[in-house]
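Asks: everything below, folded, please.
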Amino acid sequence: MKTYILIPMFVLQICHATLAQTDPPEKKATYHTWIKTYEGRAPVTGALYEVNDSSITISTISPTRIGSSAKIDMSKIDARSIDVIKIRNEKSTHMGILIGAITGLAVGAAIEITLAMVWPIRYRSHLPILP
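Replies: Modelled structure (predicted):
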């Protein structure tokens, strides 16, 4: 009799524990920012944290490290004092390298195929062979 009660209770406890699981929070994109002001001091660099009508807030550490014990330094810059602002997505450099490598490989292969079709074998025989 006890087993008839214990098995359903055990199954109900497992079901309750699985319902408590939630999806992880969606990671927001990180934008690296460089801001130069009219005052002429060194440019402020960091991750874009908040944008308002009158100011921009930048954190000096990446938002992925917020849970660590590192101190977060926030810089609030008035919008009227901004001279130059540069914003770049975190993954844009990696994508640029990948696109450049694939494009270079495709162009190199197209040139090699074109030269192999255009030049006869007798003219290619005296070309130096590169290692």
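
Asks: please identify the helix or strand for Met95.
Replies: helix 92-118 (DSSP states H and E).

Asks: is Lys76 in a helix, a strand, or coil?
Replies: strand (DSSP: H, G, I helix; E, B strand; the rest coil).

Asks: correction: the previous question concerned Glu26.
Replies: Applying three-state DSSP: Glu26 is coil.

Asks: relative to Leu48, how far out is it?
Replies: The span separating Glu26 from Leu48 equals 17 Å under the rule C-beta to C-beta, to the nearest Å. For every residue, glycine as well, the C-beta is placed using N, CA and C.

Asks: can you give me the strands for this protein?
Replies: 31-37, 44-51, 55-59, 74-78, 82-89 (DSSP state E).

Asks: and the second one, which residues are buried?
Replies: When neighbours are counted by 16 or more other C-beta atoms under 10 Å, the buried residues of strand 44-51 are found to be 44, 46-49.

Asks: you'd agree Ser54 is up against Ala79?
Replies: Yes - with contact defined as C-beta atoms under 8 Å, Ser54 counts as touching Ala79 (5.4 Å).

Asks: for those two, indicate the residue with more neighbours.
Replies: Just comparing Ser54 and Ala79: by other C-beta atoms under 10 Å the higher neighbour count belongs to Ala79, 12 against 8.

Asks: how near is the more buried one to Thr37?
Replies: Relative to Thr37, and taking C-beta to C-beta, Ala79 is found at 11 Å.

Asks: please apply the same query to Ala106.
Replies: Distance from Ala106 to Thr37, by C-beta to C-beta: 43 Å.

Asks: those two - which one has more neighbours?
Replies: Between Ala106 and Thr37, counted using other C-beta under 10 Å, Thr37 has the larger neighbour count: 17 against 10.

Asks: any idea what the more buried one is bridged to?
Replies: Beta-bridge partners recorded for Thr37 (DSSP bridges): Ile82.

Asks: where does this structure dip in pLDDT?
Replies: Applying pLDDT under 70 to the chain flags residues 1-3, 15-24, 61-71, 119-131.
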